[in-house]
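> I need the structure of the sequence given here:
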Amino acid sequence: DESADELCIRPSATSTQGGLWGVEWVIDGIPLDMDLILPAHSGIRLSQDTPDPPATLDYPQEWEAQLVIVEGEDQGFYVWAEDAAGRFKRLTIERGAEGWRLGFIHMPYAPFDEQQTIDAMTWRLGTYKGDWRVPARRYRDWMEQAFGPVPLAEQSPEWVQDIRAVVTTDPNPEKLAELIDWFDPDQTLLYVPDWRAPGYDRDYPKYQDAVDSFGPFIEEAHRLGFRVMPHVNFFGVDPLHPTFDQFEPFQMRSPWGDHGRQWWLWERAEPEIRFAY
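Residues are numbered from 1 along each chain as shown. Have a look, this model is predicted:
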């Protein structure tokens, strides 16, 4: 694309057999003195000294924006996916004696068992002068046009702009008198994980039963000027909850193997904590 000064790569795949789950293209031999800047896990930089860099990152789970930036000294290159549909992708990362190796994979929708084709998708590769902000702005401008996200400030109440501290606490009203010695209530959000009568992360989506102290805690917190945020897992359904049968057909499943159902599982509790995604 001469107008953007970018190379467009459009891989696709066909197979006479089923089980086609992805098509990959690779950039190899990237000098180790160049860093990888990734919008993954809220933003990471990988260098030749980074211990145990991740081997794979999946979009949109850990790899949160379909962009990779390779940064040298005041210059570098970048790759991004021109995909407004947001299809599933995987980034593979290897660091060896010969340099970095990056693999870019896009996938069809699962299940893959009968899948024999993967449609072409455009990846764009460009170079830049300056630091990582230059390609980040290139992708962000496209992303805002393609996805039309609502700015966070427009989604939030005005008081959020005043918050300067978040305190994780149990719903004990007696603690509030001590907190005001350390925090300005008008600038503090109280995050309360363990407020539900069934216990932390149990019996979702049962939100109507709170521990006895939660109501008085909120009343006193609001009287002092604090804001309160109770912990929820809005996507979670406990398999023992009466609504589970209603939601089970929509439970996330693995695209691999026997397509097992996906759970949050915490075995270090008695009984274990388990809920469906």
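
> all strands of the stretch 101-250 of the chain, in order?
Ranges of strands in the stretch 101-250 of the chain, per DSSP state E, counting those that start in this stretch, are 117-118, 123-129, 165-168, 188-192, 227-230.

> indicate which one of those strands is closest to Ser213.
strand 188-192 (10.2 Å; CB to CB). (C-beta placed from N, C-alpha, C; glycine too.)

> what lies in contact with that closest one?
Defining contact as CB atoms under 8 Å, 6 or more residues apart in numbering, one finds that strand 188-192 is touched by 163-171, 179, 214, 217, 221, 226-231.

> grab the nearest non-local neighbour of Gln262.
Counting by CB to CB, 6 or more residues apart in numbering, Gln262 lies nearest to Met252, which is 4.1 Å off, once chain neighbours are set aside.

> ramachandran coordinates for that neighbour?
Here is the backbone geometry of Met252 (degrees, to the nearest 10): phi -60, psi 140.

> my read is that it contacts Phe275, right?
No - using CB atoms under 8 Å, Met252 is not in contact with Phe275; the gap is 11.6 Å.

> which one's more surrounded, those two?
Remark: of Met252 and Phe275, Phe275 carries more neighbours, 22 against 11, as counted by other CB atoms under 10 Å.

> show me what contacts that one?
201, 204, 233, 236-239, 263-264.

> 10 Å - rerun?
Residues near Phe275 by CB atoms under 10 Å, 6 or more residues apart in numbering: 201-205, 233, 235-241, 244, 263-266.

> how about Pro151?
Taking CB under 10 Å, 6+ apart, one finds Glu144 in contact with Pro151.

> any idea how far it is from Ala81?
23 Å (CB to CB, to the nearest Å).

> export the strands of the stretch 101-250 of the chain to CSV and tack on mean neighbour count and mean pLDDT?
Formatted as CSV, the strands of the stretch 101-250 of the chain follow (neighbours: other CB atoms under 10 Å; pLDDT from 0 to 100):
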stretch, mean neighbour count, mean pLDDT
strand 117-118, 16, 96
strand 123-129, 17, 98
strand 165-168, 12, 97
strand 188-192, 20, 98
strand 227-230, 16, 96
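
> element containing Ala4?
Under the criterion DSSP states H and E, no helix or strand holds Ala4.

> check what pLDDT the spatially closest residue to Asp83 that is not a sequence neighbour gets.
Spatial nearest neighbour of Asp83, excluding adjacent residues (CB to CB, 6+ apart): Met121 at 5.6 Å. pLDDT, Met121: 95.

> and if you look at Asn233?
88.

> ok, now Phe275?
Phe275 is given a pLDDT of 95.

> and Trp264, that one's in a strand?
Yes - Trp264: assigned to a strand according to DSSP: H, G, I helix; E, B strand; the rest coil.

> who's it bridged to?
Phe275 (DSSP bridges).

> touching, Ala120 and Arg10? I think so.
Yes - the pair Ala120 / Arg10 is scored as a contact, 4.4 Å apart, by CB atoms under 10 Å.

> if we can go back for a sec, run a quick neighbour tally on the residue nearest to Asp83.
Neighbour tally, Met121, other CB under 10 Å: 19.

> quick one: distance of the worst-scoring helix or strand of the chain on mean pLDDT to the chain centre.
The helix or strand of the chain with the poorest confidence is helix 152-155; it has a mean of 86 (mean pLDDT, DSSP states H and E). Remark: helix 152-155 is offset 19 Å from the chain centroid, using CA atoms, centre = their mean, to the nearest Å.

> kindly report the same for stretch 240-255.
That offset, for stretch 240-255, works out to 22 Å (CA atoms, centre = their mean).

> returning to what we had before: and the strands of the stretch 101-250 of the chain as TSV, adding distance to Asp28?
Shown next, in TSV, are the strands of the stretch 101-250 of the chain (distance: least, CB to CB, whole Å):
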stretch	distance to Asp28
strand 117-118	22
strand 123-129	14
strand 165-168	44
strand 188-192	45
strand 227-230	46
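
> select, out of these, the one closest to Gly76.
Among the strands of the stretch 101-250 of the chain, strand 123-129 sits nearest to Gly76 (CB to CB), with 6.1 Å.

> neighbouring strands of that closest one in the sheet, and parallel or not?
Counting by DSSP bridges, strand 123-129 is paired with strand 6-9 (antiparallel), strand 75-81 (antiparallel).
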